[in-house]
Structure formats: structure tokens, C-alpha cells
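# generate a structure from the sequence data that follows.
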Amino acid sequence: MTEQEIEKGRKNAIISYLTIIGVIIAYYLNNEEENKSAFAGFHIRQSLGLWLTFYALGYMIGNFDSWLVTSSFYVFFAVLFIYGFITALNRKTQAVPLLGTFYQKLFKNFAN
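Residues are numbered from 1 along each chain as shown. A predicted model of the protein is given here:
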């Protein structure tokens, strides 16, 4: 990946980590032909996987009546989101720990 392509997609990569709405906005911004970036696509797939996992597991975790389980869930995902956000800021394409490579394989046709 060239430095020029990374710089072109950096804005969309950062937007994708903000909220699930940010993923949708970044996806559509990245799909415009003149703005298409593999760097942004990588981070859009990472953040989409994180948000979907967060909501799916959060629904199940919400049934627990334990502050320990709930707080560890939020801390775990906060660390993953911060890691992904910082790698986007630093212009790197490192997958988030534990789940990142799975997200890249699962969403390989999404945001190309």
C-alpha cells in the first residue's frame, strides 16, 4: 500500500471507528470511485466486525446481573476500539487482537 493511498483513505478509516453510523458513512464515502482506498476498506471491515460483535454479545451480556461481567465486557471492547482507532491514526493496517483476522476473512467482499 502506498503512502498516497493510505492518506487518501485515512479520513474514512477514522470515521469508521466512531459509531456504527460512522461505518455506514465511511463505507459509502469509500465506494465513490475517486475515493476508493484499500486502507479505508481494511479499517471499515475491522470496525464493522467490532460493532456487530459488540451489539450481538452486548445483547447477551445485558441479561447478566453482574457489574463484573458487564464492566469487563465494556473494557474489552473499549480496548479493541481504541487499538483499531490508533492504528488508523498511525496509518497502519494491523488487525485488532483476537478477532481482526477473522473479520477480514468474514467481510472480505465488503468495502473492497
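# excluding chain neighbours, what is closest to Arg10?
In space, and not counting its chain neighbours, Arg10 is closest to Arg91: 6.5 Å by Cβ to Cβ, 6 or more residues apart in numbering. Heads up, the C-betas are built off the backbone N, CA and C, glycines and all.
# model confidence for that neighbour, exactly?
For Arg91, the model assigns a pLDDT of 94.
# and Gly58, by the same measure?
92.
# swap in the one 4 residues further on?
You'll see Gly62 listed with a pLDDT of 86.
# equivalent analysis for Glu3, please.
Looking at Glu3, its pLDDT reads 88.
# show me the shaky parts of this structure.
The chain contains no residues with pLDDT under 70.
# give me every residue that touches the residue positioned nearest the centre of it.
Central residue of the chain (Cα atoms, centre = their mean): Ser47, 1.3 Å from the mean position. Neighbouring residues of Ser47 by Cβ atoms under 8 Å, 6 or more residues apart in numbering: 16-17, 22-23, 26, 81, 84.
# save these as a markdown table, and put in secondary structure and distance to Met60 too.
Shown next, in a markdown table, are the contacts of Ser47 (DSSP: H, G, I helix; E, B strand; the rest coil; distance: Cβ to Cβ, whole Å):
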| residue | secondary structure | distance to Met60 |
| --- | --- | --- |
| Ser16 | helix | 24 |
| Tyr17 | coil | 23 |
| Gly22 | helix | 24 |
| Val23 | helix | 21 |
| Ala26 | helix | 27 |
| Phe81 | helix | 19 |
| Gly84 | helix | 22 |
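# now the two most distant members of the residues you listed.
Greatest spacing in the contacts of Ser47, by Cβ to Cβ: Ala26 and Phe81 (14.3 Å).
# tell me which of those two has more neighbours.
Ala26 (26 against 18; other Cβ atoms under 10 Å).
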